[in-house]
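> Give me the fold of what follows.
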Amino acid sequence: GSRMTILQVCAYAAPYEGNFIKSLKALGKVYEEKGDKMVYAFPESARNISWCKELEKHTDVYYLPLAKARIKIKTYTMLKEIYHKYKDLRIVHSHFELYDAPVALTAPKNVKVFWHLHDALEGYTGLKNRLEHKVQYGFCHKNAILLSVSKKHMEYVLRKGFPKKNAIYVPNGLDTDRIKLVSTIVEQREYDFLIFGWEFERKGVDLCIEAIKKNSNENFKVAIVGSENTENIIAEKYGNVPGVEVVKPVSDINELYANSKCFLHISRAEGLSYALLEAVYAGLPVICSNISENKFAEKFPTVEMVESENITDIAEKMKCVISKNTYSKDMIEKSRKIIDEEYSIACWVKNMVKQYGE
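Numbering: from 1, shown residues only. Below is the predicted model of the structure:
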């Protein structure tokens, strides 16, 4: 048999494996090479998804109730059955809140329990959620260790009564294999700037448009990734702004990076932004707002920080980046190296191994 078994309990049933499953598979590989075993439990709704079927070929996969999972007896009995099956179970790691309480309340004494907070919790501040959070983080934690991808959301959980000594910040790892380095021929790129615009205010799309208008004699072209809703807001607020184009989301993000000269990351609030890390890894210069969540980006030589919500500053930096036209290979390499060492999946795996301990 194996030296130990690790159980990943994931409230995840997205159609694509995404960064999340990729990261777990990379972690599993490390343990398999040591002779350990990593098994999974997902919601019933994940059963027929292709990445899940793929996992079943390599290891044991179980399926838990999804609706009312926190209060269904079946969730608890199934978890107990899984625990019972693996005599050498040492670690249970629950992701995305849904199964956190059941996992902690049923875990045997000698098993380490981890709760992994991936989402922005304050988003759900309806009363029902606030009460659920109070119950979960104030009372159900037993000896769980909380891992959070964001310092800000970790603070929220601590305010709800989770013991501070058991909470640890662990940033997510970026799937660097997915990102292609953009070509060095800047002139052939259609857009001067690229900005993600799903949330108009939060992402600072209004600031981008004001800055484009300030620089009207430069004839800048900007691609705003958004929806028809984004187009409507722009038309309503600004009428027709020359050079501004709303583009549909693409399945391969590399197409957009390859076609832009600079990435605008001038958001008013953020988690740990994947988009920022991806754009840097693709080799694009980035103009980035200096909000506290983006502070870490100061260390990248290819990132220019701007004062948050300062349109004059943003407009100036836009002119500056485009007239520079190129960032040296050396600067780009330095930026990418920081991501490999601190924000990649490989780095996340090392971090997790450290948390699990021996």
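
> residue contacts, the residue positioned nearest the centre of the chain?
Nearest residue to the geometric centre of the chain (CA atoms, centre = their mean): Tyr274, 5.5 Å. Contact analysis of Tyr274 by CB atoms under 8 Å, 6 or more residues apart in numbering lists 19, 172, 174. Just so you know, the C-beta spots here come from the backbone N, C-alpha and C atoms, and that holds for glycine as well.

> Considering these, which is situated nearest to Tyr156?
Tyr156 has its nearest neighbour among the contacts of Tyr274 in Asn172, at 17.6 Å by CB to CB.

> follow-up on the earlier one: only whichever of the contacts of Tyr274 are buried, select them in ChimeraX.
Buried residues among the contacts of Tyr274 (16 or more other CB atoms under 10 Å), as a ChimeraX selection:
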select :19,172,174
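
> any chance of the contacts of Tyr274 in TSV, plus distance to Lys134?
Formatted as TSV, the contacts of Tyr274 follow (distance: CB to CB, whole Å):
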residue	distance to Lys134
Asn19	30
Asn172	26
Leu174	33
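
> isn't there a strand covering Leu277?
No - Leu277: not assigned to a strand; according to DSSP: H, G, I helix; E, B strand; the rest coil it is helix.

> shaky segments in this protein?
1-2, 119-131, 137-138, 271, 325-326, 358 (pLDDT under 70).

> so where do the strands sit in it?
Counting by DSSP state E, the chain has strands at residues 5-10, 37-43, 61-64, 89-95, 112-117, 145-148, 167-169, 191-196, 222-225, 244-247, 260-265, 286-289, 303-306.

> Let's have those in CSV, adding mean neighbour count and distance to Ser23.
Below are these laid out as CSV (neighbours: other CB atoms under 10 Å; distance: least, CB to CB, whole Å):
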stretch, mean neighbour count, distance to Ser23
strand 5-10, 25, 10
strand 37-43, 22, 12
strand 61-64, 18, 17
strand 89-95, 22, 10
strand 112-117, 24, 11
strand 145-148, 22, 12
strand 167-169, 17, 16
strand 191-196, 23, 22
strand 222-225, 22, 24
strand 244-247, 18, 29
strand 260-265, 26, 23
strand 286-289, 25, 23
strand 303-306, 22, 24
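
> Against Glu236, how distant is the residue sitting furthest away from the middle of the chain?
Centroid-distance maximum for the chain: Asn217 at 37.3 Å, with CA atoms, centre = their mean. When distance is defined by CB to CB, to the nearest Å, Asn217 is 25 Å away from Glu236.

> can you check Phe193 too?
Phe193 is 22 Å from Glu236, by CB to CB.

> neighbours around the closest residue to Lys164 other than its chain neighbours, how many?
Leaving aside its chain neighbours, Lys164 sits nearest to Leu158 (5.5 Å; criterion: CB to CB, 6 or more residues apart in numbering). As a burial measure, Leu158 scores 16 neighbours (other CB atoms under 10 Å).

> now swap in Glu236 and tell me
8.

> mind listing what it touches?
If you count contacts by CB under 8 Å, 6+ apart, Glu236 has none.

> what's near enough to touch Ala167?
Ala167 makes contacts with 145-146, 148, 154, 157-158, as judged by CB under 8 Å, 6+ apart.

> whoops, Lys80 was the one
Contacts of Lys80 (CB under 8 Å, 6+ apart): Thr106.

> could you measure it against Ala282, distance?
46 Å.

> Please apply the same query to Arg70.
For Arg70 relative to Ala282 (CB to CB), the value is 40 Å.

> now what about stretch 350-358, what contacts it?
6, 27, 30, 91, 112, 114, 145, 147, 168, 170.

> Can you lay out those residues as a markdown table showing distance to Tyr327?
Shown next, in a markdown table, are these (distance: CB to CB, whole Å):
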| residue | distance to Tyr327 |
| --- | --- |
| Ile6 | 42 |
| Leu27 | 34 |
| Val30 | 35 |
| Ile91 | 43 |
| Lys112 | 44 |
| Phe114 | 39 |
| Ile145 | 41 |
| Leu147 | 34 |
| Ile168 | 35 |
| Val170 | 30 |
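
> what number of residues lie near Lys299?
If we define neighbours as other CB under 10 Å, then Lys299 has 11 of them.

> Quick check, it in contact with Lys337.
No - using CB atoms under 8 Å, Lys299 is not in contact with Lys337; the gap is 11.0 Å.

> so Ile145 bridges to which residues?
Beta bridges link Ile145 to Phe114 when assigned by DSSP bridges.

> Can we start the residue count at 528 from this point?
Renumbered: residue one is now 528, and that last one reads Ile672.

> Next, the contact list for it, please.
639-642, 693-695, 882.

> list the buried ones in stretch 629-636?
So, applying 16+ other CB under 10 Å, buried residues of stretch 629-636: 629-631, 633-634.
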